[in-house]
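Colleague: Fold the following.
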Amino acid sequence: MSKAISTILGGALLLTSVASAAQAGGLERNGYNWDLLFDQDRFASEAGVIYVMPDRKIKNAVDTDPRDGLGANGIGGGSTSTHETPNYTVPRFGAKVGLTPDADCLASYSQPWGVHTNPGADWVGANQNIETDIRSNDYGLTCSYKFDVGKGQLRAIGGVSYQAISGYKNRLVVGPAAFGPAAALFDGQGKLDLEADGVGWRIGAAYEIPEIAFRASLIYNAEIDLGQINGTVDLTGLPPMSTGRLAPFANRITDVYGTATMPQSLEFKLQTGIAPDWLAFGSVKWVDWSVLNVVSFCPTSTKGIVSCGPTSPVLLTTLDLMFQDGWTVAAGIGHKFNEQWSGSAQLSWDRGTSTGLTTQTDTYLLSGGVSYAPSKNVELRLGGAVGMLTAGSYGPTSCPKTGGCGNDVTYDFGDDFVGALSLSGKVKF
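Modeller: This next block holds a predicted model:
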């Protein structure tokens, strides 16, 4: 691959990462990215960080569940609008080594999944969510082997990942107004903490013609079975109770367990040189987010006695997601300005994964980036993106749970802004 195309490609790959982090369907935070595996140098390492600024605003909120009182304080108080999504950062690192002229391996660290919503405790939907924060760490090893085929090379790809998930959700369980004189001592909130891990694998193939920077790749990432999710439900924000479903758990911390699977995905990427110093690229990605619907949590003490599910008699709490599959389509173009500078631009669309229980609707994004190579061994990249999070609403949704899901609050959200910045550096030789 010529130095010109290599430099242009660096800026193009930057846009793939910044767009993925900013669109974030389902629990996606930065997804998977194995592009460094294709670097033509014997050794290449890359580190970067993406800063995302979503501005999702909730409005017209109505508390529709009188069982915990009405409003954030249980007697009708609280705002009907709030900001839901704080800014977040996504780091990544990779190091690729050419073991032989035909065999390459990439060790990588990323945070593929995650979500952080923080509407706070002072809105009328506090019984649905005060703060939710899910994080992930993925440690991967991906290798490939090349064969000469026709004018180019066919590359077989395979790899494994160890993935760890952790997080929490905090919400209003019982309005403090119901506590009488004890309201000064208890806030009525409950918190679910969870952690889990699992191992996954990937397989794929690519066909490359380096002289014209042509590459077509298809990579399948298998689902990751998290096995048993371990956690706790903290209801120390409730006073002791003598009756009711929560009486055995009030004013204490209870060990809980559940099960979940992180989704499989399939991504096709295509790039090619189209004229001297010009590169076109695009991708289509499918993610099986529908595998996450209602995640149930039951007391660990009941494991092996009664099954845990959305309608289990020992169910303590749930994470109601009910995602639909995600699709992302992107296309862009890159150009080399001189021996050191190149730039690229990309348009992308992400189909929202929400079916009524989240604010993750369709996202449209325009991304741009520049790449600066002060020497043949070092490359610096800076990128940015602006986009629109499309409008929608939250409310009652059909789900495998008695009484359905989304019966706690209703609200709307409009077309909102999202922005992102990315900075990365690459060393190769």
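
Colleague: Spit out the contact partners of D320.
Modeller: Contact partners of D320, counting by CB atoms under 8 Å, 6 or more residues apart in numbering, are 294, 357, 397, 399, 401, 405-406. The C-beta positions use only the backbone N, C-alpha and C, and glycine is treated the same way.

Colleague: Relative to R67, how far out is it?
Modeller: 16 Å (CB to CB, to the nearest Å).

Colleague: what does A61 give?
Modeller: In terms of CB to CB, A61 sits 17 Å off from R67.

Colleague: who's more crowded, those two?
Modeller: Taking other CB atoms under 10 Å, A61 and R67 do not tie; A61 has more neighbours (24 against 12).

Colleague: Can you tell me the closest non-neighbouring residue to that one?
Modeller: Distance criterion CB to CB, 6 or more residues apart in numbering; nearest residue to A61, sequence neighbours excluded, is Y411 at 3.9 Å.

Colleague: gap between that neighbour and Q360?
Modeller: In this view, Y411 and Q360 are 14 Å apart by CB to CB.

Colleague: Tell me the bridge partners for the residue nearest to A61.
Modeller: Y394 (DSSP bridges).

Colleague: Kindly tell me how buried it is, as a neighbour count.
Modeller: Y411 is flanked by 24 other residues according to other CB under 10 Å.

Colleague: Quick check, it in contact with T64.
Modeller: No: contact criterion CB atoms under 8 Å: Y411 and T64 do not qualify, at 10.0 Å.

Colleague: follow-up on the earlier one: now the contacts of D320: which count as buried?
Modeller: Buried members of these, counted by 16 or more other CB atoms under 10 Å: 294, 357, 397, 399, 401, 405-406.

Colleague: hmm, back to that, now do the same contact list for the residue nearest to A61.
Modeller: Going by CB under 8 Å, 6+ apart, Y411 touches 58-62, 80, 125, 393-395.

Colleague: Please repeat the previous calculation with a cut-off of 10 Å.
Modeller: Going by CB atoms under 10 Å, 6 or more residues apart in numbering, Y411 touches 58-63, 80-82, 84, 119, 123-125, 128, 359, 392-395.

Colleague: Y394 now?
Modeller: Per CB under 10 Å, 6+ apart, neighbours of Y394: 58, 61, 125, 128-129, 354, 356-359, 406, 408-413.

Colleague: Now with 8 Å, please.
Modeller: Shown in contact with Y394 (CB under 8 Å, 6+ apart): 128, 356-359, 406, 409-413.

Colleague: In the stretch 1-150 of the chain, what residue spans correspond to strands?
Modeller: 43-54, 57-63, 82-83, 88-98, 103-110, 115-117, 131-149 (DSSP state E, counting those that start in this stretch).

Colleague: And for the stretch 251-400 of the chain?
Modeller: Taking DSSP E, counting those that start in this stretch as the criterion, the stretch 251-400 of the chain carries its strands at 253-262, 265-275, 278-287, 294-299, 317-320, 326-336, 341-350, 363-375, 378-389, 392-394.

Colleague: Please state the offset of the third one from the chain centre?
Modeller: Chain-centre distance of strand 278-287: 19 Å, with CA atoms, centre = their mean, to the nearest Å.

Colleague: for it, which positions count as buried?
Modeller: Residues 278-283, 285-287 are the ones in strand 278-287 that count as buried (16+ other CB under 10 Å).

Colleague: Can you name the two of those that sit furthest apart?
Modeller: W278 and V287 (30.6 Å; CB to CB).

Colleague: what do Y411 and T64 both touch?
Modeller: Taking CB under 8 Å, 6+ apart as the contact criterion, no residue touches both Y411 and T64.

Colleague: For the contacts of Y394, give me a markdown table that also has pLDDT.
Modeller: Output for the contacts of Y394, formatted as a markdown table (pLDDT from 0 to 100):
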| residue | pLDDT |
| --- | --- |
| Q128 | 96 |
| G356 | 95 |
| L357 | 96 |
| T358 | 95 |
| T359 | 95 |
| G406 | 95 |
| V409 | 97 |
| T410 | 97 |
| Y411 | 98 |
| D412 | 98 |
| F413 | 98 |
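
Colleague: In helices, which of those fall?
Modeller: Secondary-structure check on those using DSSP state H: no residue lies within helices.

Colleague: Name the nearest of those relative to G26.
Modeller: Using CB to CB, T358 comes nearest to G26 of the contacts of Y394, at 8.6 Å.

Colleague: one step back: closest to V18 among the contacts of D320?
Modeller: Nearest to V18 out of the contacts of D320 is L357 (CB to CB; 27.2 Å).

Colleague: contacting residues for the closest one?
Modeller: 320-322, 394, 397, 399, 405-406.

Colleague: Give me the neighbour count for R155.
Modeller: 21.

Colleague: Doesn't it belong to a strand?
Modeller: Yes: according to DSSP: H, G, I helix; E, B strand; the rest coil, R155 belongs to a strand.

Colleague: what are the bridge partners for it, then?
Modeller: Beta-bridge partners for R155, by DSSP bridges, are K146, A206.

Colleague: and it, what does it touch?
Modeller: Taking CB under 8 Å, 6+ apart, we find R155 in contact with 38, 144-147, 205-208, 217.
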